[in-house]
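# prediction below, plus the sequence it came from.
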Amino acid sequence: MGGSIHPCERVLVVNDNRDMLSSMRDVLEFAGAVVETAKGSAEALGILASGFSPSVIVLDLRLGEGERGQDFARLLRADPLYSRTPIALVSGDIGALKLVDPSVADATIGKPFDVDVLLKVLADLCRRSGPGGSSRP
């Protein structure tokens, strides 16, 4: 990134895989973002309730224990605080990503992810959504 700050100032990563959470945190923090991570939707809701206002949310399509990322994305879209926050769904199942409802995700990213692709996709989402990304005051 050439030392510049990534346009996504604050990123919430929701994934049930600790290694994936750690990898994404490292990549995004190195790019200059403040990153919060959650292992599921309940933990993510706690982070959001604490006042963290993400510029973008990176959400695993399958969160484990029967929890679906697409369902959590729908819940976020229905909340006026996060209805305009960009959401990127990630999965190793490229076929499932192709079936994602475009009304709940602004982008999809295949796993394993290429770091440059991840950063570019998120940067594009954050630039389009404007400063801050979230509609939260």
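The structure has been received and is ready for your questions. Owing to the predicted nature of the structure, the values given are computational and were not obtained by experimental measurement. Numbering: from 1, shown residues only.

# and the helices in the protein, which stretches?
Assigned helices in the chain, in chain order: 18-30, 41-49, 69-78, 94-98, 115-129 (criterion: DSSP state H).

# need those in CSV (columns: mean neighbour count, mean pLDDT and distance to residue 58).
(C-beta placed from N, C-alpha, C; glycine too.) As requested, those are arranged in CSV below (neighbours: other Cβ atoms under 10 Å; pLDDT from 0 to 100; distance: least, Cβ to Cβ, whole Å):
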stretch, mean neighbour count, mean pLDDT, distance to residue 58
helix 18-30, 16, 93, 6
helix 41-49, 16, 95, 11
helix 69-78, 18, 93, 10
helix 94-98, 12, 88, 13
helix 115-129, 17, 91, 7
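
# leaving aside the residues next to it on the chain, what's closest to the residue sitting nearest the centre point of the chain?
The centre of the chain sits closest to residue 58, judged by Cα atoms, centre = their mean, with a distance of 1.4 Å. Residue nearest to residue 58 in three dimensions, not counting chain neighbours: residue 13, with 4.6 Å by Cβ to Cβ, 6 or more residues apart in numbering.

# surely that neighbour and residue 28 touch.
Yes. Under the criterion of Cβ atoms under 8 Å, residue 13 is in contact with residue 28, at a separation of 7.4 Å.
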